[in-house]
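A.B. asks: Need a 3D model of the sequence below.
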Amino acid sequence: MAGPVLSSTSGTQFVEPIGWPLMPVPDDDGRLNFPDLATSVRERIEAILRTAPGEQLMRPSFGVGLELIVHQPNTLALRGGLEERIGDHLAAFEPRILVDRVTVAEGDDSASLLITIAYRLRATGVAGRVSAQVPLGGA
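C.D. replies: Presented below is the predicted three-dimensional model:
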């Protein structure tokens with residue numbers, strides 16, 4: 001159920017905020033500015049990738065936990081499992097996007113992974129892309 005749409009006496013409509021910013025920092029006037037849809041989605045994807053399962057109270061299955069794989073070797077099994085896990089978590093915890101592709105490949109060297117997520121915003125159809133490089137412990 002959507003909340004009410006507020007309007008001023010001049011006819012300007014105010015839209016409800018998209019979501020709480022990942023790192024809320026007040027501007028020079030002391031106000032918190034809410035992100036636009038694209039920024040909010042990117043921040044949510046980052047939170048999904050960086051949060052370890054069990055880290056958030058009341059949501060034990062939330063998060064992929066990329067920090068947990070840092071000491072694992074760069075194997076095909078690790079990359080395949082990570083692609084599947086990322087896709088499943090994005091589908092479960094970010095309903096504002098349609099995931100086109102999740103790719104986990106070897107990075108510049110065998111001691112890193114390059115994760116690329118291609119998606120489209122459901123509301124506008126605008127394409128987006130998020131990439132992350134994760135260091136690993138062994139080859």
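A.B. asks: Tell me the buried residues in stretch 28-40?
C.D. replies: The neighbour-count check on stretch 28-40 (16 or more other CB atoms under 10 Å) flags Pro35, Leu37, Ser40 as buried. Glycine gets a C-beta too; all of them are placed from N, C-alpha and C.
A.B. asks: pLDDT for those - can I get that in a markdown table?
C.D. replies: Putting the buried residues of stretch 28-40 into a markdown table (pLDDT from 0 to 100) gives the following:
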| residue | pLDDT |
| --- | --- |
| Pro35 | 81 |
| Leu37 | 88 |
| Ser40 | 89 |
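A.B. asks: Please identify which of the residues you listed is nearest to Gly54.
C.D. replies: Among these, Ser40 lies closest to Gly54 (CB to CB), at 24.5 Å.
A.B. asks: ok, the closest one to Val104 distance?
C.D. replies: 24 Å (CB to CB, to the nearest Å).
A.B. asks: elements contacting the host helix or strand of Ile48?
C.D. replies: Here Ile48 is covered by helix 37-50, with elements defined by DSSP states H and E. Helices and strands touching helix 37-50, as assessed by 3 or more CB pairs under 8 Å, 6 or more residues apart in numbering; DSSP states H and E, comprise helix 76-93, strand 112-121, strand 127-135.
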